[in-house]
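Asker: Give me a 3D structure for the following:
(one chain, ligands or ions: 1)
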Amino acid sequence: MTSTPLIPLFDPSRQFEEVEDEVLEAVGRVLRSGRYILGQEVAFFEEELASWLGVRYAVGVASGTDALVIALRACGVGAGDEVITTPFSFAATATAVLLAGAVPVFADISLEDLNLDPDSIEGCLSERTRALLTVHIFGHPAPMPLLREFADVHDLVVVEDVAQAMGAEVDGRRAGAWGRAAAFSFYPTKNLGGFGDGGAVATDDPEVAEIARLLRNHGSCAPHFHRLLGYNSRLDEIQAAALRVKLKRLSGWNEERRRLAGLYREGLAPTSLRLPSEREGCLHCYGLFTVLLEGRDSLAAFLGERGIGTGIYYPRPLYANPVFKGRCRAGRCPRAEEACAKALSLPLYPGLREEEVDRICSAVREWEGLRRRAADLPTAKP
Ligand SMILES: Cc1ncc(COP(=O)(O)O)c(C=O)c1O
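Answerer: Numbering: from 1, shown residues only. Okay, here's the model as predicted:
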């Protein structure tokens, strides 16, 4: 008897097969150079990233979390400030606000795209509000034109968390090119995944870029002269060299993600699952393929028994985590809570095979059929 092959939620090794020779060559070049920190690979990568994004500067740092903290601080966010953000994100979005010395204020999301709802942010304003930290969740860009307009009217800085959405666009402009600064993560499972941790701050503003450069390197602007309280948060040469190889292929890989998402749409059309939306004018880059449904835990268990990995992003709104207790401002966000109760992410990454998507979809349909029969409900959508 053959065992069912596992379809993991993520498998970055499949992507590696495609670039193995080039990555090994690039890494070897760095190893032979003897220059491992802040050398030319990081400098070239920063140039290539800025030009890919359509902004003037990119600053490589050690992680997406550091990119957020550094971006916020470089934009002048600090003690006494409040930052409006979403409770439906990875914790780093809001812990970065705390680490920058400011207070996160959580506004509710829209259930259409799971991003901040522009209508819910007005009620979060106070005289301390300094910034709007938008996340492009799961690869669907936030409604940047509306959020920018709101920020302009209220004189707020916009910082973008692009960790899950490298390659997303709104009205032909890339996510990360809308705010005063943007934070990218190169965690291995991201759209542009490295071979370890890494991140970058991007901006059009020379002052923000300069401060970010100081902050990532001990606040130092000349050897042993420290102007700011900074960090050791540099992107390694090895990571930069490998990321340069992968950046060239990012658009193709994102196209593959979109094609796989299309297959899911077909395969899951007969089910009652709420599939990811694509708002008009938006290019979704499917950092994750996340559906909403009643009975999420039951489906996750059913798929797990069939060797199909799934993930729950996110089981609770950020304000329900102890770390934020007494350190954030939040009313209840009912739509974020609903998303937390219903969201399930399915495997979607370059290298995932069509027949694997078919298998996942037919397992989901089987689960729904069984559930409907158990509840004595009609079996198919009209
Ligand atoms: C939305 C979001 N922000 C920030 C981060 C933090 O990035 P890193 O893991 O590179 O620190 C992540 C990582 O998962 C993320 O998904």
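
Asker: Surely residue 179 touches residue 134?
Answerer: Yes - using Cβ atoms under 8 Å, residue 179 is in contact with residue 134, at 7.1 Å. Yep, even glycine has a C-beta here, placed from its N, CA and C like the rest.

Asker: Overlap in contacts, the two.
Answerer: Common neighbours of residue 179 and residue 134 (criterion: Cβ atoms under 8 Å, 6 or more residues apart in numbering): 158-160.

Asker: list the contacts for residue 249?
Answerer: By Cβ under 8 Å, 6+ apart, residue 249 lies in contact with 18-19.

Asker: any idea how far residue 274 is from the residue in the stretch 51-200 of the chain that the ligand sits nearest to?
Answerer: Among all residues of the stretch 51-200 of the chain, residue 64 sits closest to the ligand, at 2.5 Å; criterion: Cβ to the nearest ligand atom. Going from residue 64 to residue 274 by Cβ to Cβ, to the nearest Å gives 27 Å.

Asker: Residue 366 now?
Answerer: Note on residue 366: its distance to residue 274, by Cβ to Cβ, is 19 Å.

Asker: Where does residue 251 fall, secondary structure wise?
Answerer: Here residue 251 sits within helix 250-268, counting by DSSP states H and E.

Asker: Look at residue 64 and residue 274 and report which has more neighbours.
Answerer: Under the criterion of other Cβ atoms under 10 Å, the comparison of residue 64 against residue 274 puts residue 64 first, with 25 against 17.

Asker: Look up the closest residue to the more buried one, ignoring the ones flanking it.
Answerer: residue 185 (2.4 Å; Cβ to Cβ, 6 or more residues apart in numbering).

Asker: Near that neighbour, how many other residues are there?
Answerer: Neighbour number of residue 185 under other Cβ under 10 Å is 30.

Asker: sorry, back to before: can you name the element that comes right after the helix holding residue 251?
Answerer: On the C-terminal side of helix 250-268, the closest following helix or strand by DSSP H and E is strand 282-283.

Asker: List the neighbours of that next one that are in contact with it.
Answerer: Contacts for strand 282-283 (Cβ under 8 Å, 6+ apart): 113, 140-141, 167-170.

Asker: farthest-separated two in those residues?
Answerer: Greatest spacing in the contacts of strand 282-283, by Cβ to Cβ: 113 and 167 (16.1 Å).

Asker: which residues touch the residue of the stretch 51-200 of the chain closest to the ligand?
Answerer: Counted by Cβ under 8 Å, 6+ apart, residue 64 has contacts 92, 161, 163, 183-187, 190, 199.

Asker: how near is residue 360 to residue 8?
Answerer: According to Cβ to Cβ, residue 360 stands 12 Å off from residue 8.

Asker: any shared contact partners between the two?
Answerer: Shared contacts of residue 360 and residue 8, defined by Cβ under 8 Å, 6+ apart, are found at residue 347.

Asker: Of the two, which one has the most company?
Answerer: Between residue 360 and residue 8, counted using other Cβ under 10 Å, the more crowded position is residue 360 (25 against 15).

Asker: Show me what the helix or strand harbouring that one is packed up against.
Answerer: Assigned by DSSP H and E, residue 360 belongs to helix 354-375. Secondary-structure packing of helix 354-375 (3 or more Cβ pairs under 8 Å, 6 or more residues apart in numbering; DSSP states H and E): helix 250-268, helix 296-305.

Asker: contact partners of it?
Answerer: Taking Cβ under 8 Å, 6+ apart as the rule, helix 354-375 contacts 7, 260, 263-264, 266-268, 270-273, 295, 298-299, 302-303, 306, 308, 346-347, 377-379.

Asker: Strands of the stretch 51-200 of the chain, start to end?
Answerer: For the stretch 51-200 of the chain, applying DSSP state E, counting those that start in this stretch gives strands covering 57-61, 82-85, 103-106, 129-135, 157-161, 169-170, 173-174, 181-185, 199-203.

Asker: Next one: the fourth one, is it in contact with the ligand?
Answerer: Spelled out, that is strand 129-135. Yes - judged by Cβ under 6 Å from any ligand atom, strand 129-135 comes into contact with the ligand at residue 135.

Asker: so that strand versus strand 181-185, what angle?
Answerer: Calculated by axes from the mean of the first three to the mean of the last three Cα atoms, to 10 degrees, strand 129-135 forms an angle of 40 degrees with strand 181-185.

Asker: With that, I have no additional questions.
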